[in-house]
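[1] build the 3D model from these lines:
(4 chains)
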Number of protein chains: 2
Amino acid sequence: MSGSSTMLVLEDISACGPNATGAPLDRTSAESMAVLLKAVADPARLQLLSILKQASNQQACVCDLTAPLGLSQPTVSHHLKVLADAGLVTRERRGSWAWFTLVPAQLEHLKGFFE
Amino acid sequence: MSGSSTMLVLEDISACGPNATGAPLDRTSAESMAVLLKAVADPARLQLLSILKQASNQQACVCDLTAPLGLSQPTVSHHLKVLADAGLVTRERRGSWAWFTLVPAQLEHLKGFFE
DNA sequence: TATCTATATTGACGAATGTCGATATACAAT
DNA sequence: ATTGTATATCGACATTCGTCAATATAGATA
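    Predicted coordinates for the structure are as follows:
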């Protein structure tokens, strides 16, 4: 398979901002938003996003991400998969290294929800 | 005791925006942010916030919040406590009713993190 | 081929979470 | 005081989550 299990694309979150339509969030939209927020609501993943945001071209190799977090390599790999499944980062192989890149539009969606 | 177990006040999140200082998020700041995000990363609580945001004066009685969620009264009460502990809403008794009010400044903090 | 390095996956574990029914508490009104 | 209503807490349960050690896979190099 090419993509990960539950990849969220941008179009999935149709109601950008909880009050775009004037009606309260229905359960389905709320669940979509919660999936995205749960992906971010973890200290390790917030640190990963923070490091990526400051990196040049907003991308970094896994080898640069493991040490600063103080977590095991499998755990960091797991967190990166969660972020990738939520569409917040993309994965790309270069030789034997894996590079992860921020998806700013998905972060915009999160921001948009709170205004 | 007057306040709930782990009340987060605004001052607790010192680093507003992940890149306010230029340094990546340290584990402690990341954990503070995660507490706030976890409070929001749930469909029921997103619906509660959405309803409150549209209500006049951004406040509502519990009796108006239980039915739209389709969850039991204890469960809604639990979710409201989570939101209150995170400082996202405040609780106030009026007679035998409990009214909850949005704390917009705390939502601003969430928004600020993503820019 | 064999070997080394970087990353991903698996399996297991304790901890936290969302939910409910039952019960307790707070307040109002008889 | 008693009864009724609104809300909170308790106890239990299944599910999800974060973590690691062990292992598997992919790619580079010899």
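[2] for the residue nearest the centre of chain A, give me its contacts.
    Nearest residue to the geometric centre of chain A (Cα atoms, centre = their mean): residue A:88, 2.6 Å. By Cβ atoms under 8 Å, 6 or more residues apart in numbering or on different chains, residue A:88 lies in contact with A:36, A:39, A:40, A:49, A:102, A:103, A:106, A:107. Backbone N, C-alpha and C define where each C-beta goes, glycine included.
[3] let's see 6 Å
    Listed by Cβ atoms under 6 Å, 6 or more residues apart in numbering or on different chains, the contact partners of residue A:88 are A:103, A:106.
[4] can you check residue A:42 too?
    Shown in contact with residue A:42 (Cβ under 6 Å, 6+ apart): residue B:34.
[5] from residue B:98, how far out is the residue of chain A found nearest DNA strand C?
    Proximity of chain A to DNA strand C (Cβ to the nearest atom of the strand) peaks at residue A:74, 2.8 Å away. Distance from residue A:74 to residue B:98, counting by Cβ to Cβ, to the nearest Å: 45 Å.
[6] who has more neighbours, those two?
    residue B:98 (16 against 9; other Cβ atoms under 10 Å in any protein chain shown).
[7] which residues are in contact with the more buried one?
    Counting by Cβ under 6 Å, 6+ apart, residue B:98 has contacts B:62, B:91.
[8] that one belongs to a strand?
    Yes: using DSSP: H, G, I helix; E, B strand; the rest coil, the assignment for residue B:98 is a strand.
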